[in-house]
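# Have a look at this prediction, sequence included:
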Amino acid sequence: MGTIIGIDLGTTNSVCAFMDRGEPRVIINEEGGRVTPSVVGFSKDGERFVGDIAKRQMLINPDATIHGIKRFMGRRFKDCKEDQHLVSYVIEEASNGDCAVRVGDRVYSPQEVSAMVLQKLRKGAEDFLGETVTEAVITVPAYFTDSQRQATRDAGTIAGLDVLRIINEPTAAALAYVHDRKQASTLAVYDFGGGTFDISLLEVDRDVAEVRATRGNNALGGADIDKVVVTWLLDEFYRQHAIDASADRIVLQRLRDAAERAKLELSTATSTEIHLPFLVADASGPKHLQATLTRSTFEGLIGPLVQRTVEECRKALADARLTVAEVDEVILVGGSSRIPLVQQEVQKLFDRPLNKSFNPDEVVAVGAAIQGGILEGDIKSVTLLDVTNFSLGIEVAGGRFATLIPKNTTIPAHKTQLVSTVVDDQRTVKIHVLQGEQTRARDNVSLGDFELRNIQPAAKGVPRIRVKFAIDANGIVSVGAQDMRTGIQEEITIDSPMGLSKQELDRMKAEAENGRQESDEARKVKALRQEIEQKLVTLEAFLRDQRGLLHKADIGGLEQALKRGRMALLKSSDRANLKELSAYLSRFHGHLSDKVQAGNRA
């Protein structure tokens, strides 16, 4: 078994970590950073970029720059129309009803886009560790549904990773916090990230960390804070120029960028100046936006969003049957937890100092790496007992939802329930699996269905059919049904109805691997081109400085070498030819340098 990496696949940024001699370490990416933007960009000629370089093109090419894809993972198109206003690219409905991303003529699933980010993290890990990486622990928001967890696992598969465990983000943060710490305590993990919010309450006692309750909102995060600031900026622009710019994608992306910068600045400053020149133009000329956003105005704008997180905290305390006084420490996770108003409201609720000892951007990945270390057997740490985030059950007569595994049940878990037929001589029973908290089946999330056939004919209510639910440590569900009289049984692992089939996964995995190989080749070609460019610059400087000491034939040869190099950079992408050219330029430069030095000595 090689190194198992821990990945925090975030809405805004992603982080990768591993265990090094019993201690977690964050992996430095290819650009030398600890955090990788979860952004994928495409150039006009189809070249793909991931991370910082993709983020830099968001303002000039917003239609082909995908960010915040986590908000669309494992979701139906009809359920995420509001979130489409958070992005500048095109979200459309796939043939199966899922969300899909269109870039030019190509349509990508959110799983494919997330796999591109995971591939970037995997490549960075392999370069950092000097070995092939194939296994990972990936984190998800605690309130992710089964469909969203399956989508995350699918993304890992497409990226060529064996996802050993899906772990909740706040639980991972708590695991990082209690690593090698034997003090019994009750923790609240407040996780306010770029796209989601979670609150988890845990009890830690020596070698066991047990999640008591979890709550959250998968559509509440830093992107929503940016959105309210963007709305304020649009109103300001309209007030100044009487122009509605809300339909222009490039304008909206510039405003989102300005809103994010303002949000960051207001964490330390009491006001910030927002100046966006040439935002739009009409017949009378260009129009600029100049506005001052104070912290008090900003807090007024985002106050309702922050209060929604506080309400979720109160509900989680009620679910866990805990009082505020019983919580020993509050751990802050996620970039949005840095906002002063957020910290103020959380501290007011729990009435105790907030723990900021971990970098909120990195702590989740660190916890995932610790979980990987536990799975490897390299470290003995806290045994993690997580819980279900939603109730699980089936549809029964009258369209009602019968709960089999209640919300906040410790996992892994299983439960058996006896059901029967509803009409005489019924030969088939359909088992409809649901997730949620509503009494009517149709108001919950459908995870899938299957049929138990060939039931012996009998009066309604006579057959005894045993339905068994099981949920594993990843929070993924399997269901089976058995006719107690005949022994006939059927079972399924709930692969989300909006998930990818095995054939689709295999195809996407093959495409991603081909893309990875092509990307590796492209990187090598790019490095060679940069190397040749530098050698040409050096030769040009040599010619300029040493022209008086060179023979006419050498000057002509040098000019021909420079011409050859420039033409190759314009027309050639063949690595072998470029490698040969690079070696030739080195030899040529060395030969002329030796001649000049020999002439100087003479």
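That came through, no problem. Numbers count the residues shown, from 1 in each chain.

# OK, contacts around residue 470?
Residues in contact with residue 470 (Cβ atoms under 8 Å, 6 or more residues apart in numbering) are 412-414, 477-480. (Each C-beta comes from the backbone N, C-alpha and C, glycine too.)

# ugh, typo on my part, it should be residue 485
456, 463-464.

# can you tell me which of the contacts of residue 470 are in strands?
413-414, 477-480 (DSSP state E).

# Report the buried members of those residues.
413, 477-480 (16 or more other Cβ atoms under 10 Å).

# In CSV: these, plus pLDDT and distance to residue 566.
Listed next are those as CSV, based on pLDDT from 0 to 100; distance: Cβ to Cβ, whole Å:
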residue, pLDDT, distance to residue 566
413, 81, 67
477, 75, 61
478, 77, 62
479, 79, 66
480, 79, 69
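
# Taking these together, which two end up most distant?
413 and 480 (14.5 Å; Cβ to Cβ).

# For the strand or helix carrying residue 112, give the mean pLDDT please.
According to DSSP states H and E, residue 112 maps onto helix 110-129. For helix 110-129, mean pLDDT is 94.

# now residue 86, nearest residue through space, not along the chain?
residue 223 (4.8 Å; Cβ to Cβ, 6 or more residues apart in numbering).

# now for the host helix or strand of that neighbour, which elements pack on it?
With elements taken from DSSP H and E, the one containing residue 223 is helix 222-241. Helices and strands touching helix 222-241, as assessed by 3 or more Cβ pairs under 8 Å, 6 or more residues apart in numbering; DSSP states H and E, comprise helix 249-265, strand 285-294, helix 295-320.

# quick one: that helix to helix 249-265, angle?
On the basis of axes from the mean of the first three to the mean of the last three Cα atoms, to 10 degrees, helix 222-241 is oriented at 110 degrees to helix 249-265.

# can you pull the buried residues of helix 222-241?
By neighbour count with 16+ other Cβ under 10 Å, helix 222-241 contains the buried residues 222-230, 232-234, 236-237, 241.

# Stretch 324-341 now?
327-339, 341.

# So what's the gap between that stretch and the chain middle?
Using Cα atoms, centre = their mean, to the nearest Å, the distance from the centre of stretch 324-341 to the centre of the chain it belongs to is 22 Å.

# picking up where we left off before, rebuild the ones in strands among the contacts of residue 470 as JSON lines, extending it with distance to residue 526.
Below are the ones in strands among the contacts of residue 470 laid out as JSON lines (distance: Cβ to Cβ, whole Å):
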{"residue": "413", "distance to residue 526": "50"}
{"residue": "414", "distance to residue 526": "52"}
{"residue": "477", "distance to residue 526": "45"}
{"residue": "478", "distance to residue 526": "46"}
{"residue": "479", "distance to residue 526": "50"}
{"residue": "480", "distance to residue 526": "52"}
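
# Can you list the low-confidence ranges for the stretch 201-350 of the chain?
206 (pLDDT under 70).

# who does the longest strand seen in the chain touch, helix- and strand-wise?
Longest strand in the chain by number of residues, with DSSP E as the criterion: strand 271-282. For strand 271-282, the contact count by 3+ Cβ pairs under 8 Å, 6+ apart identifies helix 249-265, strand 285-294 as packing neighbours.

# Need those in CSV (columns: mean neighbour count and distance to residue 170).
Formatted as CSV, the helices and strands packed on strand 271-282 follow (neighbours: other Cβ atoms under 10 Å; distance: least, Cβ to Cβ, whole Å):
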stretch, mean neighbour count, distance to residue 170
helix 249-265, 20, 22
strand 285-294, 15, 31
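
# how about JSON lines for the ones you listed, with distance to residue 32 added?
Listed next are these as JSON lines, based on distance: least, Cβ to Cβ, whole Å:
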{"stretch": "helix 249-265", "distance to residue 32": "21"}
{"stretch": "strand 285-294", "distance to residue 32": "32"}
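
# and residue 355, which of the ones you listed is closest to it?
That would be helix 249-265 among these, by Cβ to Cβ, at 21.8 Å.

# Tell me which other helices or strands the closest one touches.
helix 222-241, strand 271-282.
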